[in-house]
Every structure is written in structure tokens, then in C-alpha cells.
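*Asks:* One predicted model, sequence on top.
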Amino acid sequence: NKLCSLKSELDRKELEDKLNSEKIDVTLPATKIKVGCVHPITRIINEVEDLFISMGYDVLEGPEVESDLYNFEMLNLPKGHPARDTQDSFYITDDTLLRTQTSPVQVRTMLANTEKTPIRVICPGKTYRKDNDDATHSHQFTQIEGLVVDENISMADLKGTLEIFAKKMFGEKREIRFRPSYFPFTEPSIEVDVTCFNCKGKGCNICKNTGWIEILGAGMVHPNVLNMCGYDSNKYTGFAFGIGPERIAMLKYGISDIRNFYTNDIRFLHEFDKLEKED
């Protein structure tokens with residue numbers, strides 16, 4: 001009996017010591033867990049998508065490996081066209097390449113619309129061009145292209161749409177202006193500027209003392225593109241625009257080097273934690 005009593009006491013003490021050594025103080029503060037945040041480019045894309053969805057647009061995507069037919073020829077850029085030189089491309093075969101723009105999605109959308117009903121879409125995605133990476137250029141970047149096709153679409157519709165976009169992204173007091181430009185797939189073509197958010201149009205080093213900052217290219221869809229996609233250009237018109245999320249993010253958040261978006265520096269990305277919490 002005495003041995004049994006001693007054994008029980010030893011077992012109890014052993015268990016008590018084990019519990020004391022393994023106990024957890026639940027009142028101690030927890031270890032901080034590092035979490036990620038929404039990437040600034042993703043933030044811009046989400047904002048643009050939300051805006052245009054609220055305006056009745058659909059969001060469409062397409063393949064990043066594209067045929068020369070959809071990437072160039074159907075966009076009024078036949079083989080040998082000099083404008084192809086400005087989009088130095090990554091060709092996989094003679095007729096296959098990494099897309100240089102998201103415009104092929106617009107072509108695919110118009111071709112798939114066999115009933116030729118009105119179209120109102122935006123097409124976000126990655127694009128690729130041979131370029132020397134520096135503070136303002138990258139061989140891989142993102143684009144959001146928009147397309148509207150219907151009867152009686154005019155340049156006024158395009159301007160109204162882009163004014164709403166500029167005010168949403170840069171503030172209600174922003175104004176825009178159109179400057180003549182050239183793109184093979186639009187006619188007339190324009191570059192779009194917004195009043196400088198830093199100096200409010202008075203002139204500073206950011207806007208090179210002009211009071212304006214270029215934000216995107218746009219124009220009325222070229223009749224050749226409409227005809228090749230099965231639309232009667234005598235009946236239908238449309239407008240298209242191309243937004244660079246990297247450029248919008250650099251202007252909106254004051255980022256000076258485009259490479260910051262792709263180096264995955266956690267210190268840079270965490271600068272957007274506060275923005276995410278404010279949202």
C-alpha cells in the first residue's frame with residue numbers, strides 16, 4: 001500500500017511538472033502575423049473595372065499568346081506596315097507572338113458578336129513589347145482597353161466617358177484635353193491629357209510647366225477595323241481607348257520608377273497598407 005501511495009504521488013508530481021512546463025499564458029499578446037496587401041496595379045485595375053461596370057461595360061479577357069492576324073492585321077496593321085516598328089514584338093513563330101496590346105480582345109469580341117448588337121467592353125490584361133527596362137519603360141506591362149460600338153457614337157461620347165474616368169481617378173476638379181495623334185486602328189486619333197494634380201494646371205516640374213499630364217490614347221474606331229470585323233461602317237461607329245494602369249498608378253501615388261511594381265520589395269508594397277485600410 002505504501003509503495004502504491006508513493007507511486008501515485010510520483011505520478012501526480014510528474015504530471016504536474018509536465019503541465020507547468022507546457023502551459024501557455026493566454027494573456028500574452030499574440031505574435032504579429034505578416035499579411036500581404038493589394039498590389040497598386042491591382043488596385044488601379046479594380047478601380048477602373050468598378051467604374052466602367054457601373055457605366056454598363058462588360059469586362060473581357062483574351063489570350064496573351066496571340067496570332068499576328070488578331071494582334072496586327074485585323075487592327076489595320078498589315079504586314080510591312082511601318083507602325084509595326086513602334087511595337088517591337090516577341091514572336092514565337094512567324095504568325096504567333098506575345099500580344100503587344102489588349103486590342104485583339106476587342107477584335108475577338110466584334111467577330112464573336114454575330115448579331116452585331118451594340119458593344120461596350122473593357123479588356124484588362126498583360127502585354128509585352130521588346131523594350132529596355134528603365135524608370136518609365138518595361139518589357140511587360142498591363143493595359144486596359146475600352147471599346148464602344150453602336151449607331152451614332154461620336155467623339156462627344158468618348159470625351160464624356162473619359163471626363164468621368166479622369167474625375168474618378170484623379171479628383172473631381174480634374175479637366176481633360178484632346179490632342180491630335182495617330183494610331184492605325186482609330187481615325188481620328190487623340191492623346192488625352194489631364195490637368196496636373198500637383199500644381200492644378202499652373203505649371204510645375206512634374207508636368208514640365210505645361211499644367212497638363214498625358215494619361216492615355218484614344219480615338220474613333222477606324223472604318224477598316226469595323227468592316228473587317230463584320231460591321232457596316234456606314235451604319236456603325238465606335239470609340240476605343242487604352243489605359244496604362246502603371247502610368248495611372250505612378251501619377252496617382254507619386255511613384256517615380258515603374259520597376260518598383262515588379263521587384264516585389266515588401267517595403268514598397270506595405271506603403272499601400274494604409275490606403276487599403278482607408279478603403
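*Replies:* Alright, I've got the coordinates.

*Asks:* Verify the contact between I164 and L51 for me.
*Replies:* Yes: with contact defined as C-beta atoms under 8 Å, I164 reaches L51; the gap is 7.4 Å. The C-beta positions use only the backbone N, C-alpha and C, and glycine is treated the same way.

*Asks:* do you know how far F239 is from T117?
*Replies:* 17 Å (C-beta to C-beta, to the nearest Å).

*Asks:* ok, these two, which is more surrounded?
*Replies:* Just comparing F239 and T117: by other C-beta atoms under 10 Å the higher neighbour count belongs to F239, 24 against 8.

*Asks:* Do I have it right that the more buried one meets A156?
*Replies:* No: shown here, F239 and A156 do not form a contact pair, counting by C-beta under 8 Å, at 9.9 Å.

*Asks:* just the helices in the stretch 151-279 of the chain please.
*Replies:* 155-170, 223-228, 245-253, 266-269, 273-278 (DSSP state H, counting those that start in this stretch).

*Asks:* Sort out which residues of the first one are buried, please.
*Replies:* Looking back up the chat, that one is helix 155-170. Of the residues in helix 155-170, 157-159, 161-162, 165-166, 168-170 count as buried by neighbour count, 16 or more other C-beta atoms under 10 Å.

*Asks:* Adding distance to T186 and pLDDT, write the residues you listed out as TSV.
*Replies:* Shown next, in TSV, are the buried residues of helix 155-170 (distance: C-beta to C-beta, whole Å; pLDDT from 0 to 100):
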residue	distance to T186	pLDDT
D157	14	96
L158	10	96
K159	14	94
T161	14	96
L162	14	94
F165	17	94
A166	19	91
K168	23	90
M169	22	88
F170	23	85
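
*Asks:* hmm, which two among those residues are most spread apart?
*Replies:* D157 and F170 (20.7 Å; C-beta to C-beta).

*Asks:* of the helices of the stretch 151-279 of the chain, which approaches T210 most closely?
*Replies:* Nearest to T210, of all the helices of the stretch 151-279 of the chain, is helix 245-253, at 14.2 Å by C-beta to C-beta.

*Asks:* can you pull out the strands in the chain?
*Replies:* 58-59, 65-67, 91-93, 96-98, 119-128, 140-150, 176-183, 186-195, 212-221, 237-243 (DSSP state E).

*Asks:* Which residues outside the first one are in contact with it?
*Replies:* For strand 58-59, contacts defined as C-beta atoms under 8 Å, 6 or more residues apart in numbering pick out 49, 52-53, 120-124.

*Asks:* for the last one, same thing?
*Replies:* Applying C-beta under 8 Å, 6+ apart, the external contacts of strand 237-243 come out as 48, 101-103, 106, 119, 143-155, 157-158, 161-162, 165, 185-186, 192, 215-221, 226.

*Asks:* Just the buried residues of those.
*Replies:* When those are checked for burial by 16+ other C-beta under 10 Å, the buried set is 48, 101-103, 106, 119, 143-149, 153, 157-158, 161-162, 165, 185-186, 192, 215-221, 226.
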